[in-house]
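Q: Provided below for reference: sequence and predicted model.
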Amino acid sequence: KGCYDILPPSSGYEEGVKYTLSLPDGVSFESEDLKDARTLVFSIDKDAVEKYEFTDAVVEVDAAIDEVIDNTLNIEDLSVNAGDIIFGQDKNNEYVVYKVTEINDDGTATVTEPAIDEIYSDLEVYGEYVWDVDDIVSNPDLEIEIIENVKQSSFFNSLMLTAYAAEAPRDGKFDVKITPDGDNNSIEIEITITLEPGENGLFGIGELRNQQVSITLSAEVGLSTKCNIQGITNWDMSASVATDFSWKVDISLYTDEWKKDSDLEGLFSEKNKFANLIDYHKNVKKITEKLNNLTADVTGGEIKLFDWKLPIPSVPGLYFSTEIKLFAKLDIAADVTIGQSNETVYTVGICFIRGDFEAYSNTYRSSRDVTLSLSGKAKAKTGIKLVIKATLINDKVANINLDPQVGLYADLYVTFPISELDEIDGNNFLYSYFEPGVYFSANINATLNVLVKKFEFSYELVEKKFPIDELTFGNKKIAMGLTVNANTVRAVDKVVSVPDILFEYFDVKGGNTDTEKLSLDDIKFVTNDGTKLKATDGKITLPDGSSSSGTYITATYLHTDGKTYSTTFRVLISGSVIEGKVSAYGTDASTQELEDATVKLYSGTNLTTPLSTIKTDESGKFSFNVSKGNYTLVISADGYRTLTSNQTVGDDEIKYTEHILLMDNNQSGMGSAGGIVSNALDGKGLSDVTIKLRSNWNNTSGEYLDFQTRTNSSGRYTIENVPVGYYTVEASRHGYVTGHTNIIVLSEAERSDFDFTITPTLNEDEIRIVLTWGSSPSDLDSHLIGRTPSDNTFNVCYWDKVYRYDGVEMANLDVDDTSSYGPETITILENIYGTYTYAVHNYSNRSSSNSTALSFSGAVVRVFVGSVQVAEYNVPTDQVGTYWTVFEIAGNGRIRPINTISNTKPTA
C-alpha cells in the first residue's frame, strides 16, 4: 500500500536512450540514496560502438596539410574543387578540416570551417573511456612538469607575495609523490610546499622568524568519460571525477613569548575543555582578538598539474582531453590546522537533443578519518578541478567542455550580538559557528556547428555545499526576541485562534535576521490582569469577565540560552479596528517604513475635526479603535505628499488598509500612469472600457476629474498629462460590475503596471471572489474550503477546479494565474451547505517558514453578489506566513472577516 512500480513503455526500453522520471509532490523514491531526489535520469546500457561515415564532399588527405594563413591553404599537391571538404592531419599530427570556398589561380584555395553535418553523414559513438594511469606515470618528466606548473600558478605567486611581502621572492621547497593505483585506475599525487622563514618572519608576522609554514595537498584522482553520440545532432557526454582528497594547512603561531601570556596559556592545548558554551565563546573571543591583531592575509589560485589526451582511433578527429588542476583558497587569520579526508564521485554532463543543450549532475560522497583542530578565525577552500573536453576535429566544429570542481571547505563565522551602539563594552562575548564540509560546482561550455545553425551553450552549476554534521559546532543563532505575526486578532464566542509566535534571531552564518515559528506547547500565555491561559489545538479560550473592548495576552518563551523572551498581542472581543502601514515610495519602486508619520481619522468625508490623531510606530504601523461606519484617513509626513484614503468598516471587523505609499515632494508638475483592465473570468484584457478619475484613494463616489479615456484592444489604459498625486481609477463597461483601483501618478519613473479586473454581472444569488496582486510573488492561489452535506471536505483550487454535489456544480475556479497580478477567480453558483472558508496561499514561497512576501504582495480580494461589490479585503502588511485566511461565508450568505496570515494551512 502506498508503493508504486514504475513500468516501462509499452514498446520496452530502448538501449542507449536517456529517460527522465519526475516525481509529483508527496511521492519519493524507496531507495535511501534517492530519497531526496525529485527527478531520476537513467538509460539502458548497450554494447560499445564507434562508427562514422563521411559525406561525399570529404576528400581524405594522407600527406600533412599545410598551415592555413588568412583563410588561404596551399593545395598544389591536392585535387580538390570548390565545395569539397579537406580532411587530414597537419604537421603536428593533429586532425584538421577545411571547406574549400574558392580555387585561386596561384595554387591556393580560400577555405573556411565546415559544419559537422558537412563532414559526417553518420556518426555513432557509445562507450566509457577511462584514462590509463600507467601511461601517465611512465612519463619521466611528470614530477618536473608538476613542480614547474605549481611555480607558474597564480596560487604560488600569491602565496609568495603574501608570505614574504617586500622581501626577495623565494622558491620554497617542494616534495612531490606520484603513486599509481592500477586496481582503481587512479593516481595519487601529494604535493608539499614548505616556506622557510624570512628575515622579517612570514606573512608579516615577526614572531615567525624561526617558524616554517607547510601546505600539503594530497589527491587520488580517477576519471572516466561516458559518450553517447547518435547521429549528428544527438550528443550526450558526462564525466565522472572520482576523488579521494585530503588536505592540511599548518600555520603555527605558538611561540615562547605567548607561553608567558596567562590569557593564552592552555588555549592551544588539545586537553582544554570549556565548562559551558558561554565560557567557550569568551575564550574564542580572547584568542581571536589577539591573533587577528597579527595577520589577516589572503592567498588563492589554481595549480595546473598536467594534461591528458585520449584520441579515438576508430573515429578520426574525435578525442578526449583533460587538464588536471588543484586549487586552494585560504583566508589566514589565526592558528589553523584543519584535516579532512573525503571520497567523492561527482558526475556532470551535457546533452544536445531536440535542438537544445541541457545540463545535468549527480553526486556521491562519503567522509572518513576526520581530524580537526581550530583556534581563531579562518576560511579555507581547496580541492580538485579537471577541465574535461570532448572535441571533434577542433573547437569550431564541435566540442563539449566540462569543468567540475570537487573540494572541501571550512568556514568559521564570528559576530558581536550588538543591538544598540551603547551596548559595546567588554562584557559582550563573541558568537562563533564553525562549519566544515564538501562542496561541488561546475562550468559547462559547448559548441555544435551544423549547417542551419551554430549552437553554443554556457552554464554554471550553482555551488552546492554539504556540511559535515559531526564536526559542526558553535551557536549560529543569536536570540533577538519574540514577535507575533498579527498584533490584533478577533475572538469568536471568547475563543481566539493564536497567531504565529515567531522567535527572531540573527543568523551568524548568513549575516541576516531571520525568524522561526515556535510550537505553542513551548509558550506560556497570560492576560494583562495576570490570568494564566493554555493553548489547545492552536486556540485559547478567554476567561469570563474579559473586557468587551478587548484584552492583551503576553506570550513568554524560555530559550536555550537561559533567557526569557516575550511578546504581546491584542484580542478584540467587540468593536472594530482600522490598521495600516505607511511607507515611503521610491522612484525605483522600493519602499521604506515611515516612522512618526501623522495619521488623522475623520468621520465620513467631514474633514473639519479629526476623531483621533496618532503617529506611526517604528515599523510605520498605526491602529484606530472604531465602530461600524465610513471613515477618512489623512496621512502626512515631512518631505512627502499628503494622501487621503476612504475606508469602510463593518461590525466587529479588523480592517486592514492598503499599504499606504507616500511619494516625496520632489515629484511635481504633470505625470502619467497606466495598466491593463482584464476580465475576471478569463484574465484577458478588455477593450473599450471607459476610464475615469477621482482624487485620492478609495474615492468611489462624487465628482470626476476632467479626464476620460478608453482601453485599447489589449485592455491597456494610459493616463497622461495629469497633475502628480494619488487617484482612484474607475473602469466601467456594459454588462460588467464597475471596478476601481488606486494609483500613483509620478513625474519621474512613471508606473504602467496598475492592472486590475472587472467582472461580468452575476445572477442575483451567485457570488464571485476575485483575487489580484502585484508583480511579486508570481504565484498566489485561491482556495475555497468547506464540508459537504455528507461530511466530506471540498477544496476548490488549482488542482480541483470544480466542486459538484449530487451532480450539481456548486462552485468553480474560473482562472488560475501563475505569472503575477492575477486574477484568480472563484464563482459560487449555488447555496453551499454550512460554513466555508476562502483563503490565499503563497505558492511561490511555499517552502519558506519566514516569508513576508504575501503580506507585501499588494493582494486585494473583492467579493461580488449579483451586480454589486459587497466586500473588499487588503492583505495585512508586514506579517510572516504563506497562508492568508480572508473570510468565512455562512449558509445564510453572511460574510465574517478573518483576515489573518500564518504558516498554518486552513481546514474545513
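A: Arrived safely, thanks for sending.

Q: Do I have it right that residue 74 meets residue 68?
A: No. With contact defined as C-beta atoms under 8 Å, residue 74 and residue 68 do not form a contacting pair (9.0 Å). Using the backbone N, CA and C atoms, a C-beta is placed for each residue, glycine as well.

Q: Between those two, which is the more surrounded one?
A: residue 68 (18 against 15; other C-beta atoms under 10 Å).

Q: Mind telling me what element the nearest residue to that one once chain neighbours are set aside is part of?
A: Using C-beta to C-beta, 6 or more residues apart in numbering and skipping the chain neighbours, the partner closest in space to residue 68 is residue 111 (6.2 Å). Remark: residue 111 resides in strand 108-112, with elements defined by DSSP states H and E.

Q: Direction included, what does that strand pair against?
A: strand 72-74 (antiparallel), strand 95-103 (antiparallel) (DSSP bridges).

Q: Residue 156 is nearest to which of the ones you listed?
A: strand 95-103 (34.9 Å; C-beta to C-beta).

Q: quick one: contacts of that closest one?
A: For strand 95-103, contacts defined as C-beta atoms under 8 Å, 6 or more residues apart in numbering pick out 65, 68, 73, 75, 80-90, 109-114, 118-119, 316-317, 393-394, 397.

Q: Repeat the analysis, applying 7 Å as the threshold.
A: Applying C-beta atoms under 7 Å, 6 or more residues apart in numbering, the external contacts of strand 95-103 come out as 65, 68, 73, 80-90, 109-114, 118-119, 316-317, 393, 397.

Q: For that strand, the averaged confidence score.
A: Per-residue pLDDT over strand 95-103 has a mean of 91.

Q: Now do the buried residues in it.
A: Neighbour-count burial for strand 95-103 flags 95-100 (criterion: 16 or more other C-beta atoms under 10 Å).

Q: okay, and for the stretch 251-400 of the chain, where does confidence drop off?
A: Across the stretch 251-400 of the chain, the ranges flagged by pLDDT under 70 are 251-315, 317-400.

Q: Any of the contacts of strand 95-103 buried? List them.
A: Here, 16+ other C-beta under 10 Å leaves 65, 68, 73, 80, 84-89, 109-111, 113-114, 118-119, 316-317, 393, 397 buried among these.

Q: Just these: which are in helices?
A: With DSSP state H as the criterion, helices contain 118-119 from among the buried ones among the contacts of strand 95-103.

Q: Run through who's touching stretch 77-91.
A: 55, 57-65, 67, 95-103, 109, 114, 118-119.

Q: how long is that stretch end to end?
A: End-to-end span of stretch 77-91 (C-alpha to C-alpha, to the nearest Å): 15 Å.

Q: quick check: mean pLDDT across it?
A: Here the average pLDDT along stretch 77-91 is 91.

Q: Do you know the pLDDT at residue 678?
A: 94.

Q: actually residue 474, not the one I typed
A: As predicted, residue 474 sits at a pLDDT of 58.

Q: swap in the one 3 residues further on?
A: At residue 477 the predicted local distance difference test score is 72.

Q: wait, doesn't it sit right on residue 503?
A: No. Taking contacts as C-beta atoms under 7 Å, residue 477 lies outside contact range of residue 503: 8.6 Å.

Q: Okay, and residue 144 sits in which element?
A: Using DSSP H and E, residue 144 falls within helix 142-152.

Q: pull the CA atoms of that helix into PDB?
A: Listed next in PDB are the C-alpha coordinates belonging to helix 142-152 (Å, rounded to 0.1, in the frame of the first residue of the first chain):
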ATOM      1  CA  LEU A 142      55.900  14.400 -14.900                       C
ATOM      2  CA  GLU A 143      57.200  15.400 -11.500                       C
ATOM      3  CA  ILE A 144      59.300  18.200 -13.000                       C
ATOM      4  CA  GLU A 145      56.200  19.300 -15.000                       C
ATOM      5  CA  ILE A 146      54.000  19.400 -11.900                       C
ATOM      6  CA  ILE A 147      56.600  21.500  -9.900                       C
ATOM      7  CA  GLU A 148      57.100  23.900 -12.800                       C
ATOM      8  CA  ASN A 149      53.300  24.200 -13.200                       C
ATOM      9  CA  VAL A 150      52.900  24.900  -9.500                       C
ATOM     10  CA  LYS A 151      55.600  27.600  -9.600                       C
ATOM     11  CA  GLN A 152      53.900  29.300 -12.600                       C
END
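
Q: picking that back up, quick one, which of the strands paired with strand 108-112 gets closest to residue 167.
A: Per C-beta to C-beta, nearest to residue 167 of these: strand 95-103, 49.3 Å.

Q: for the stretch 1-150 of the chain, which spans come out with low pLDDT?
A: Short version for the stretch 1-150 of the chain, where the test is pLDDT under 70: 1-2, 16, 18, 32-33, 42, 44-46, 127-133, 136.

Q: now the strands for it?
A: Listed in chain order, the strands of the stretch 1-150 of the chain (DSSP state E, counting those that start in this stretch) span 18-22, 39-43, 49-54, 58-60, 72-74, 85-89, 95-103, 108-112, 120-130.

Q: Could you dump those into CSV and include distance to residue 642?
A: Listed next are these as CSV, based on distance: least, C-beta to C-beta, whole Å:
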stretch, distance to residue 642
strand 18-22, 54
strand 39-43, 55
strand 49-54, 78
strand 58-60, 80
strand 72-74, 76
strand 85-89, 77
strand 95-103, 73
strand 108-112, 70
strand 120-130, 73
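
Q: between those, which one is nearest to residue 759?
A: strand 18-22 (36.8 Å).

Q: State the paired neighbours of the closest one in the sheet, together with their directions.
A: strand 39-43 (antiparallel).

Q: Check which residues of the partner strand are buried.
A: Neighbour-count burial for strand 39-43 [16+ other C-beta under 10 Å]: residue 41.

Q: Then stretch 854-874?
A: Within stretch 854-874, the residues that count as buried by 16+ other C-beta under 10 Å are 854-865, 869, 871, 873-874.

Q: Ok, stretch 680-693 next?
A: 680-681, 683, 685-686, 689-693.

Q: Just the pLDDT for the spatially closest residue to residue 861 that is not a sequence neighbour.
A: In space, and not counting its chain neighbours, residue 861 is closest to residue 873: 4.6 Å by C-beta to C-beta, 6+ apart. Residue 873 is assigned a predicted lDDT (pLDDT) of 94.

Q: Hmm, residue 885 and residue 873 touching each other?
A: No. Under the criterion of C-beta under 7 Å, residue 873 makes no contact with residue 885, lying 10.6 Å away.

Q: closest one to residue 760 among the strands of the stretch 1-150 of the chain?
A: Per C-beta to C-beta, nearest to residue 760 of those: strand 18-22, 38.3 Å.

Q: From what I see, residue 497 and residue 538 are in contact.
A: Yes. Using C-beta under 7 Å, residue 497 is in contact with residue 538, at 6.1 Å.

Q: These two: which has the busier surroundings?
A: In this view residue 497 and residue 538 are compared by other C-beta under 10 Å, and residue 497 has more residues nearby, 19 against 13.

Q: Thanks again, I'm all set now.
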